[in-house]
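> just need the structure, nothing else, for what follows:
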Amino acid sequence: MAAQYRQPDYAKGDESTIGGYAAVHDRPAAFEGSDGFSYSVELVADETGEHAAPWAAFFLFVKWARLGAQTPEGHLESDYLAHGATDAEARARLGETPLAEVKRLLDGLIAERAGADSTRRWRDAVRADAEDA
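Alright, predicted model coming up:
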């Protein structure tokens, strides 16, 4: 199914926040990460088992393939950033996060991952593996 452009409805929220952006534009926000890949953002909540705040919400950043079909290539997850009595309450609180802060969090997660991953490009790794064979 092809994407369809919809007119923004600014009465639905503050588009400068992650939750407001999704409401106004009727789609998840997306960012270009510091690694050059595109990431879409989902607000997710889990049960914590804690009496005071039984739900906690975090960002799930879906990394999209750079070439070829638009397919997910991986993901990153933030820590729990908002808490609430219900799933909806925790996600609503997380949704108040400004877009600039969400981008900063994404780039921080990319930097953390880069420190743990190999810095070789995939084609260099394939070439080295072929030479070793």
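> ok now the helix or strand hosting His83, how far from the chain's centre?
Using DSSP states H and E, His83 falls within strand 82-84. Chain-centre distance of strand 82-84: 18 Å, with CA atoms, centre = their mean, to the nearest Å.
> that one: what's the following helix or strand?
helix 87-94.
> what comes into contact with the helix or strand that comes right after that next one?
For helix 87-94, the succeeding helix or strand toward the C-terminus, using DSSP H and E, is helix 99-116. Here helix 99-116 makes contact (CB atoms under 8 Å, 6 or more residues apart in numbering) with 16-18, 21, 29, 31, 33-35, 39, 41, 59, 61, 76-78. Every C-beta, even on glycine, is put in place using the N, C-alpha and C of the backbone.
> which residue ranges of the protein form helices?
Here the chain has its helices, by DSSP state H, at 18-25, 87-94, 99-116, 122-132.
> measure the residue nearest the centre of the chain to Tyr5 for me?
The centroid of the chain falls nearest to Phe61 when counting by CA atoms, centre = their mean (2.1 Å). According to CB to CB, to the nearest Å, Phe61 and Tyr5 sit 24 Å apart.
> do Gly115 as well
Taking CB to CB, one finds Gly115 at 39 Å from Tyr5.
> circling back: report pLDDT for the residue nearest to the centre of the chain.
For Phe61, the pLDDT comes out at 97.
> sorry, back to before: out of the helices of the chain, which gets nearest to Asp46?
helix 87-94 (8.6 Å; CB to CB).
> thinking again about what came up before, please name the strands paired to the strand holding His83 in the sheet, noting orientation.
Here strand 82-84 is paired, per DSSP bridges, with strand 55-64 (antiparallel).
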